[in-house]
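Peer 1: sequence and predicted structure, then a few things I'm wondering about:
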Amino acid sequence: MEVNSVQKWVLLWCIVLFISSGLVHCDVTYDRKAIVINGQRRLLFSGSIHYPRSTPEMWEDLINKAKEGGLDVVETYVFWNVHEPSPGNYNFEGRYDLVRFVKTIQKAGLYAHLRIGPYVCAEWNFGGFPVWLKYVPGISFRADNEPFKNAMKGYAEKIVNLMKSHNLFESQGGPIILSQIENEYGPQAKVLGAPGHQYATWAANMAVGLDTGVPWVMCKEEDAPDPVINTCNGFYCDNFFPNKPYKPAIWTEAWSGWFSEFGGPLHQRPVQDLAFAVAQFIQRGGSFVNYYMYHGGTNFGRTAGGPFITTSYDYDAPIDEYGLIRQPKYGHLKELHRAVKMCEKSIVSADPAITSLGNLQQAYVYSSETGVCAAFLSNNDWKSAARVMFNNMHYNLPPWSISILPDCRNVVFNTAKVGVQTSKMDMLPTNSEMLSWETYSEDISALDDSSSIRSFGLLEQINVTRDTSDYLWYITSVDIGSTESFLHGGELPTLIVETTGHAMHVFINGQLSGSAFGTRKNRRFVFKGKVNLRAGSNRIALLSVAVGLPNIGGHFETWSTGVLGPVAIQGLDQGKWDLSWAKWTYQVGLKGEAMNLVSTNGISAVDWMQGSLVAQKQQPLTWHKAYFNTPEGDEPLALDMSSMGKGQVWINGQSIGRYWTAYATGDCNGCQYSGTFRPPKCQLGCGEPTQKWYHVPRSWLKPTQNLLVLFEELGGDPTRIFLVKRSVTNVCSNVAEYHPNIKNWQIENYGKTEEFHLPKVRIHCAPGQSISSIKFASFGTPLGTCGSFKQGTCHAPDSHAVVEKKCLGRQTCAVTISNSNFGEDPCPNVLKRLSVEAHCTPTQN
Ligand code: GAL
């Protein structure tokens, strides 16, 4: 792909100036106020989009949407474990094509921030480390340890050289303006003391030595040595200051929402609070904000971290998991970015003068020598609105909000006043049926065959599987004498298995006897259940299941998974029988995995049974397959898996990810935007499966005969799996007319451009849809919010007719907010608004 022409020009200009004056640098630098690009301090908005969490076919659209949302930078981690699956074997193909991703950012004219890690956390399997790294002799992760440092340096060099070979650093005319080494090492360094500090210093120096020509950052690492910039991560960063007065304040992770785990609720972060937090950071001089995540996407395959991180990594981000714009989050932030950019010149050139406007109210005023003035008026009171006096004018500040005044007079944005469209998304049925269901029972009769490993005692799971599969069988047998009391009417014995995770199914003589699960915070759990043994030999087979390797912490080499015991049977005549040191046989993975049943070529390896012939709805350990045709249209697609239990699903051989319909427990009682946000504050989906929809990327499909294969651990009814499409159903917009002052000021400053002309209500249905009815329209003083609008005391009688005329039958429409548009002023001297709720339906051809 070509270097875009603006960047070429800038590079050329830099070189000419550099040669002629020796003063101007083309590389990116920084000072106490901001990142400096080509000699200019920049106030930058950035968003995280992780390339393997979407498909290359989605990247351009996601990045363009990021640009349209007012971002300057796209940030991504680089995921070591997908790029180097075995030592020295690299993979940069398909979803892992990092160069293509960065070039797509460049093509859109945006900058990139590359967080190389190599530790990334990110709710990603093993925090991004390849599992083979655990087996490098003498290794100690994220520590001052030669084997670890050698491997880390080799990988960082590999990535930096790859970027350099495509001229992707800004110093080479490319888009990358920043890079990160390590990730949130501060807390780890504290635990380790001096050796931790030595490692952090080594990591920083190693990175700087890679000579990228752009600055390095370390997030959450107060000790970041010069010239590395330490940065902040969190829900709020208004109290953050870098460790040296000559470094700018950078917020590398402004958490836009939160991740979810199977069995837990979904989390939402109200956009009013996110906008408030960002405005707080900017008002006191912050100049770089990265939303983590801007698009969260999907943990395809077995990439989810854990344990128990869901396949969906939606994150309540401004662009949803499927690549659709989430409103009002996206639009409100876009308006925030525009308002802040109006103040950019003042903010990067001056320090704020802070004055008190009340107990919890303040003004931050930036006045530059050239006479430009911008102000932020903040109300930190989470309970009450405040009326403040600033520059001899009155301003109303809603609770927990900041107003932005790019000219120190007129408010162009308030973080708590959401004026943009709200969209309601639904999963709608498609006409695509799942055809010819067939099943195959995972064969557990021949578990201890020649490929098995045998040992006395219990083995750690990852040491055996090397994470090539989630599944590891632990098999042993017990001989029960025919005189045992429980065989003659006594109480059944109890099997007790202690395990370090993450899930386990117990089979006694081929029958499922019970299952048990850990939690993300508490991976250790105990299975305790009555077991139906018989006289003679009994086979105990424990299927231990990893559900994403943990991604947070240090010393990864010491972590363990699987059945580490003790394992015992209680209630026999002899008392307790400890099986921990018995002879155990191990089988890595499923037979179906070994036969590659998930692929078009592999399915013929076994005899499938027609779904209708077998009443196996609740049969555990079953493979199911079906075919389907792709529904027309371009709406994103998903599988509704509510009728199933737990397992993995593939389409045309590509893994959609792990599924689990575990029900969410939590407190879903309402959510108020004001007051300090923490994920438990705003929960959704309690009492429902945490995740029932699983994204099926359209680019993985062919028009007909798509092969769907799934492996079900517990049991379920595959005939009730449906393909659904994600669509916008209702949209609302609620916009106030401009105060006359603002209109005049904007025309003075920006001319009579369309953008700064009269405000408009804009309604957008998704592509392929049109507005089929107007459910509500009122120009005046309407009340309520999207879904519950009501007329207020002032209402223009023509409202509904005017909006219908402009909007019905269209995909998008705009209605100008002016008295003349609605006949006449329905209530002079009152500031009015137009509220609309419209219904979107697929366009009839
Ligand atoms: C941060 C970490 C990110 C991600 C986030 C939670 O602490 O740096 O990688 O894990 O937490 O989503």
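Peer 2: Great, that's in hand. Numbers count the residues shown, from 1 in each chain.
Peer 1: quick one: pLDDT of Asn89?
Peer 2: pLDDT, Asn89: 97.
Peer 1: count the residues that sit near it.
Peer 2: The number of residues packed near Asn89 is 8, by other Cβ atoms under 10 Å. For glycine as for every other residue, the C-beta is placed from the backbone atoms N, C-alpha and C.
Peer 1: cool, Gln618 as well?
Peer 2: 13.
Peer 1: which ones are touching the residue nearest to it when sequence neighbours are not counted?
Peer 2: Closest residue to Gln618 in three dimensions, ignoring its sequence neighbours and counting by Cβ to Cβ, 6 or more residues apart in numbering: Gly715, at 3.7 Å. Residues near Gly715 by Cβ atoms under 8 Å, 6 or more residues apart in numbering: 617-620, 622, 645.
Peer 1: just send those residues back as CSV, with pLDDT and distance to Asp426 too.
Peer 2: As requested, the contacts of Gly715 are exported to CSV (pLDDT from 0 to 100; distance: Cβ to Cβ, whole Å):
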residue, pLDDT, distance to Asp426
Lys617, 58, 28
Gln618, 72, 30
Gln619, 84, 32
Pro620, 92, 33
Thr622, 95, 31
Gly645, 96, 25
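Peer 1: which among those residues count as buried?
Peer 2: By neighbour count, with 16 or more other Cβ atoms under 10 Å, the contacts of Gly715 hold 619-620, 622, 645 as buried.
Peer 1: is it true that Trp584 touches Thr476?
Peer 2: Yes - Trp584 is in contact with Thr476 according to Cβ atoms under 8 Å; the separation is 5.0 Å.
Peer 1: ok, these two, which is more surrounded?
Peer 2: Between Trp584 and Thr476, Trp584 has the larger neighbour count (other Cβ under 10 Å), namely 26 against 18.
Peer 1: so the more buried one bridges to which residues?
Peer 2: Beta bridges link Trp584 to Ser455, judged by DSSP bridges.
Peer 1: let me see the contact set for it.
Peer 2: 454-459, 474-476.
Peer 1: tell me which of the contacts of Gly715 is nearest to Ser312?
Peer 2: Proximity of those to Ser312 (Cβ to Cβ) peaks at Gly645, which lies at 17.6 Å.
Peer 1: on the three-state scheme, the residue lying closest to the closest one once chain neighbours are set aside is what?
Peer 2: In this structure, Gly645 finds its nearest non-sequential neighbour in Leu714, 3.2 Å apart by Cβ to Cβ, 6+ apart. The local conformation at Leu714, judged by DSSP: H, G, I helix; E, B strand; the rest coil, is coil.
Peer 1: and the gap between Leu714 and Tyr659?
Peer 2: For Leu714, the distance to Tyr659 equals 11 Å [Cβ to Cβ, to the nearest Å].
Peer 1: now do Thr704
Peer 2: Taking Cβ to Cβ, one finds Thr704 at 24 Å from Tyr659.
Peer 1: these two: which is more packed in?
Peer 2: Tyr659 (27 against 9).
Peer 1: right, and that one touches Pro689 too?
Peer 2: No - with contacts counted by Cβ under 8 Å, Tyr659 stays clear of Pro689, the gap being 9.2 Å.
Peer 1: circling back: closest one of the buried ones among the contacts of Gly715 to Asp407?
Peer 2: So of the buried ones among the contacts of Gly715, ranked by how close each gets to Asp407 (Cβ to Cβ), first place is Gly645, at 60.1 Å.
Peer 1: picking that back up, what touches both of Leu714 and Tyr659?
Peer 2: Common neighbours of Leu714 and Tyr659, using Cβ under 8 Å, 6+ apart, are 646-647.
Peer 1: count the neighbours of Gly193 for me.
Peer 2: Neighbours of Gly193 under the rule other Cβ under 10 Å: 9.
Peer 1: which strands and helices sit next to the one helix or strand Gly571 maps to?
Peer 2: Taking DSSP states H and E as the criterion, Gly571 maps to strand 567-572. Judged by 3 or more Cβ pairs under 8 Å, 6 or more residues apart in numbering; DSSP states H and E, strand 567-572 is in contact with strand 471-480, strand 494-499, strand 575-578.
Peer 1: CSV for these, including distance to the ligand and mean pLDDT?
Peer 2: As requested, the helices and strands packed on strand 567-572 are exported to CSV (distance: least, Cβ to the nearest ligand atom, whole Å; pLDDT from 0 to 100):
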stretch, distance to the ligand, mean pLDDT
strand 471-480, 26, 97
strand 494-499, 25, 98
strand 575-578, 40, 96
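Peer 1: top of the contacts of Trp584 by number of neighbours, please.
Peer 2: Counting neighbours by other Cβ under 10 Å, the top entry in those is Tyr474, with 26 neighbours.
Peer 1: go through the protein and flag its longest helix.
Peer 2: Scanning the chain for the longest helix, with DSSP state H as the assignment, gives helix 146-165.
Peer 1: flag every buried residue along stretch 198-211.
Peer 2: Buried residues in stretch 198-211, counted by 16+ other Cβ under 10 Å: 199-201, 203-204, 206-208, 210.
Peer 1: can I get it in CSV, CA atoms only?
Peer 2: What follows is stretch 198-211 as a C-alpha-only set of coordinates in CSV (Å, rounded to 0.1, in the frame of the first residue of the first chain):
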residue,chain,number,x,y,z
GLN,A,198,16.3,-3.4,37.3
TYR,A,199,14.1,-5.3,34.9
ALA,A,200,11.9,-2.2,34.1
THR,A,201,15.1,-0.2,33.5
TRP,A,202,16.5,-2.9,31.2
ALA,A,203,13.2,-3.1,29.3
ALA,A,204,13.1,0.7,28.8
ASN,A,205,16.7,0.9,27.6
MET,A,206,16.3,-2.1,25.4
ALA,A,207,13.3,-0.5,23.7
VAL,A,208,15.0,2.9,23.3
GLY,A,209,18.0,1.0,21.8
LEU,A,210,15.7,-0.2,19.0
ASP,A,211,15.9,3.3,17.6
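Peer 1: residues in contact with it?
Peer 2: 116, 142-145, 149, 152-153, 156-157, 160, 179, 181-182, 185, 189, 192, 216, 218, 221, 223-225, 227-228.
Peer 1: neighbours of Ser368, how many?
Peer 2: 14.
Peer 1: quick revisit: okay if I get the helices and strands packed on strand 567-572 as a markdown table plus distance to Ile651?
Peer 2: Shown next, in a markdown table, are those (distance: least, Cβ to Cβ, whole Å):
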| stretch | distance to Ile651 |
| --- | --- |
| strand 471-480 | 21 |
| strand 494-499 | 32 |
| strand 575-578 | 45 |
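Peer 1: of all those strands, which lies closest to Val724?
Peer 2: For Val724, the closest of the helices and strands packed on strand 567-572 is strand 471-480, at 28.8 Å, according to Cβ to Cβ.
Peer 1: which residues of the stretch 101-250 of the chain fall in helices?
Peer 2: Using DSSP state H, counting those that start in this stretch, the helices found in the stretch 101-250 of the chain span residues 146-165, 186-192, 194-209.
Peer 1: actually, the chain.
Peer 2: Along the chain, counting by DSSP H, helices occupy 5-21, 56-68, 80-83, 98-107, 146-165, 186-192, 194-209, 271-283, 329-342, 344-349, 461-465, 591-594, 740-750, 799-807.
Peer 1: who's in contact with Val803?
Peer 2: The contact partners of Val803, taken as Cβ under 8 Å, 6+ apart, are 761, 774, 777, 815, 834, 836.
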